[in-house]
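J.: pasting the structure only:
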């Protein structure tokens with residue numbers, strides 16, 4: 001029996017087209033302006049021209065290329081300046097969206113529109129039929145605050161032309177062999193003609209792809225060269241394509257340029273809330289959570305102000321992130337008015353804690369983060385955290401580190417193991433000690449005499465093992481009893497330089 005040859009799946013492309021991309025990128029985080037005519041101006045003042053506009057603007061009669069004076073005749077129009085950084089963020093987000101359906105993506109975007117092709121051959125077992133994948137992809141794009149068109153074809157250029165057409169067929173999937181019929185009524189501008197070719201075809205009276213496909217091939221090549229053959233095969237849906245995939249890294253970024261400088265923190269948080277909605281939506285699609293958020297504020301005057309907030313445990317609770325961001329910016333306000341807000345999130349895995357049946361429930365991680373943020377706002381960021389001991393015998397040798405919730409923490413071991421706490425006396429209390437040879441035998445503490453029953457030591461303190469220096473502190477842990485039978489567990493220290501005894505800590 002012969003070995004069955006592996007067959008490569010037939011080519012199948014889904015093309016995503018977002019028209020008026022410059023306007024949509026600016027309006028996606030401003031839902032209150034969706035019902036208002038808006039235009040985007042590009043260029044240097046005073047020679048700015050309309051480069052993109054929404055549907056409401058087109059209905060008023062505004063066209064691309066109009067100057068600011070012409071647009072000024074429409075008082076109800078909202079005018080924006082073009083933001084290439086905002087468009088780059090939105091484009092990266094769309095490529096990331098497309099990458100969830102296939103790792104092979106080709107970016108074909110133009111100056112004012114977004115266009116990408118997705119190789120979806122062989123994805124039926126994951127996302128179902130091409131029609132089901134198209135519906136799911138459109139819903140994904142709409143959830144990002146954008147509107148676009150998706151068309152599917154076995155020919156790359158057919159899918160591109162159908163997606164770019166504003167009067168295309170309602171059918172989204174074109175079967176093999178039907179390309180020419182679907183392309184026939186489309187206008188020539190979907191091919192991206194040069195000005196010279198557009199003028200030639202206009203003089204010939206050629207206005208649709210069907211008319212171009214019906215021209216005699218030899219005569220067409222004789223008049224405009226090999227470009228004529230390429231354009232005619234494009235019009236027939238026969239021109240092949242070498243797919244050139246791009247790598248789309250996963251970056252959680254959102255950016256919004258404000259209409260005027262904001263110096264009110266409460267007003268600023270409204271925009272931050274809309275940006276968090278998008279970030280949470282994107283991390284949920286990847287089945288991860290947000291572990292840290294970096295707020296980058298561009299201030300009036302060109303300065304940049306940055307704050308980074310990390311949660312004790314990753315999470316996707318919007319109200320929690322708004323709360324700790326608000327507390328952090330409230331305790332560390334920007335020095336000047338804000339003109340641009342950018343959020344950069346870091347993904348993390350949500351960790352689960354296995355509790356015992358009889359173990360008490362732990363507090364919610366979100367409540368812990370909010371409490372820590374409130375304490376940091378009151379006491380200062382460097383004064384809140386957990387104590388970390390330093391590698392030294394020097395008394396009071398510790399540092400405060402940011403608190404982190406451990407993953408996989410075994411609470412049963414903590415409940416079963418008894419721990420002793422030492423209460424440090426600040427300042428230490430001077431005492432008098434009677435020695436039995438070199439061992440403490442009796443001492444006085446707070447006007448009461450104690451007899452030492454057990455003494456452990458001495459330990460040399462106030463020194464560092466890697467330095468050759470004099471160790472001038474001797475410590476003893478003692479268990480003592482008073483005449484009234486009360487017990488005291490404490491740590492006493494002998495200062496060798498001053499020959500002075502002190503009670504420095506009490507044990508619970």
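T.: Done, it's in. Predicted model only: the values in this text are computed from it and were never measured.
J.: residue 101 and residue 123 touch, don't they?
T.: Yes: at 6.6 Å, residue 101 counts as touching residue 123 under the criterion of Cβ atoms under 8 Å. All C-beta spots, glycine's among them, are computed from the backbone N, C-alpha and C.
J.: out of the two, which sits in the busier spot?
T.: When neighbours are counted by other Cβ atoms under 10 Å, residue 101 comes out ahead of the other of residue 101 and residue 123, with 20 against 17.
J.: so that one: helix, strand or coil?
T.: coil (DSSP: H, G, I helix; E, B strand; the rest coil).
J.: so what's it up against?
T.: Taking Cβ atoms under 8 Å, 6 or more residues apart in numbering as the definition of contact, the neighbours of residue 101 are 14, 118, 120, 123, 127, 133, 136, 137.
J.: tell me which stretches of the stretch 301-450 of the chain form helices.
T.: With DSSP state H, counting those that start in this stretch applied, the stretch 301-450 of the chain shows helices at 318-331, 365-379, 411-416, listed in chain order.
J.: in TSV: those, plus mean pLDDT, distance to residue 229 and mean neighbour count.
T.: Below are those laid out as TSV (pLDDT from 0 to 100; distance: least, Cβ to Cβ, whole Å; neighbours: other Cβ atoms under 10 Å):
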stretch	mean pLDDT	distance to residue 229	mean neighbour count
helix 318-331	88	56	18
helix 365-379	71	64	17
helix 411-416	46	74	11
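J.: one step back: farthest pair in the contacts of residue 101?
T.: Comparing all pairs in the contacts of residue 101 by Cβ to Cβ, the longest separation belongs to 118 and 136, at 12.1 Å.
J.: who's more crowded, the two?
T.: Neighbours of residue 118 and residue 136, each counted by other Cβ under 10 Å, are more numerous for residue 118; the result is 28 against 15.
J.: residues in contact with the strand or helix carrying that one?
T.: Taking DSSP states H and E as the criterion, the element that holds residue 118 is strand 114-119. Strand 114-119 is touched from outside by 11-18, 21, 90-91, 94-95, 98, 101-102, 104-109, 148, 156, 159-160, 163-164, 243, 245, with contacts defined as Cβ under 8 Å, 6+ apart.
J.: the same query, at a cut-off of 7 Å, please.
T.: The contact list for strand 114-119 (Cβ atoms under 7 Å, 6 or more residues apart in numbering) reads 13-18, 21, 91, 94-95, 98, 101-102, 104-109, 156, 159-160, 243.
J.: list the buried residues in that strand.
T.: Of the residues in strand 114-119, those buried by neighbour count under the rule 16 or more other Cβ atoms under 10 Å are 114, 115, 116, 117, 118, 119.
J.: can you list the weak-confidence ranges in this protein?
T.: Low-confidence segments of the chain, defined by pLDDT under 70, span residues 1-9, 167-170, 350-368, 391-397, 403-420, 462-471.
J.: so can I have JSON lines of the helices of the stretch 301-450 of the chain showing distance to residue 302?
T.: Conversion of the helices of the stretch 301-450 of the chain to JSON lines gives the following (distance: least, Cβ to Cβ, whole Å):
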{"stretch": "helix 318-331", "distance to residue 302": "20"}
{"stretch": "helix 365-379", "distance to residue 302": "28"}
{"stretch": "helix 411-416", "distance to residue 302": "51"}
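J.: quick one, which of the ones you listed is nearest to residue 401?
T.: The closest of the helices of the stretch 301-450 of the chain to residue 401 is helix 365-379. By Cβ to Cβ, the value is 12.5 Å.
J.: for that closest one, packing partners?
T.: With contacts defined as 3 or more Cβ pairs under 7 Å, 6 or more residues apart in numbering; DSSP states H and E, the packing partners of helix 365-379 are strand 304-315, helix 318-331.
J.: mind giving me the domain split of this structure?
T.: 13-236, 254-348, 422-507 (automatic domain parsing).
J.: follow-up on the earlier one: can you tell which of the helices of the stretch 301-450 of the chain is closest to residue 499?
T.: When these are compared by Cβ to Cβ, helix 365-379 sits nearest residue 499, at 38.9 Å.
J.: how far off centre is the closest one?
T.: On the basis of Cα atoms, centre = their mean, to the nearest Å, helix 365-379 sits 22 Å off its chain's mean C-alpha point.
J.: likewise stretch 84-104?
T.: 13 Å.
J.: identify each buried residue in it, please.
T.: Applying a neighbour-count criterion of 16+ other Cβ under 10 Å, the buried positions in stretch 84-104 are 86-87, 89-102, 104.
J.: ditto for stretch 174-188
T.: Within stretch 174-188, the residues scored as buried using 16+ other Cβ under 10 Å are 174, 179, 180, 182, 183, 184, 186, 188.
J.: ok, residues contacting stretch 239-256?
T.: Outside stretch 239-256, the residues that reach it (Cβ under 7 Å, 6+ apart) are 29, 85-86, 89, 92, 95-96, 99, 104-107, 119, 156-157, 230, 233, 271, 275, 278-279, 282-283, 341-345, 347.
J.: now, those residues that are in strands?
T.: Using DSSP state E, 105, 106, 107, 119, 341, 342, 343, 344, 345, 347 are the members of those that sit in strands.
J.: specify the beta-bridge partners of the second one.
T.: Meaning residue 106. When bridges are called by DSSP bridges, residue 106 pairs up with residue 117.
J.: what residues does it make contact with?
T.: With contacts defined as Cβ under 7 Å, 6+ apart, the neighbours of residue 106 are 116, 117, 243, 244, 245, 246.
J.: okay, the residues you listed in TSV with distance to residue 488 next?
T.: Output for the contacts of residue 106, formatted as TSV (distance: Cβ to Cβ, whole Å):
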residue	distance to residue 488
116	76
117	80
243	81
244	80
245	75
246	73
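J.: ok, so of those residues, who is nearest residue 218?
T.: The nearest member of these to residue 218, counting by Cβ to Cβ, is residue 243 at 30.4 Å.
J.: and that closest one, how many neighbours?
T.: Residue 243: 12 surrounding residues under other Cβ under 10 Å.
J.: same check, this time on residue 66
T.: Burial of residue 66 is recorded as 20 neighbouring residues (other Cβ under 10 Å).
J.: go on, residue 287?
T.: There are 9 residues near residue 287, going by other Cβ under 10 Å.
J.: same check on residue 278?
T.: A count of neighbours around residue 278, defined by other Cβ under 10 Å, yields 20.
J.: how about the one 5 residues further on?
T.: Residue 283 has 21 neighbouring residues, counting by other Cβ under 10 Å.
J.: do residue 68 as well
T.: By other Cβ under 10 Å, the residues close to residue 68 number 16.
J.: who's in contact with the nearest residue to it once chain neighbours are set aside?
T.: Distance criterion Cβ to Cβ, 6 or more residues apart in numbering; nearest residue to residue 68, sequence neighbours excluded, is residue 48 at 5.1 Å. Contacts of residue 48 were listed using Cβ under 7 Å, 6+ apart, and they are 41, 42, 67, 68.
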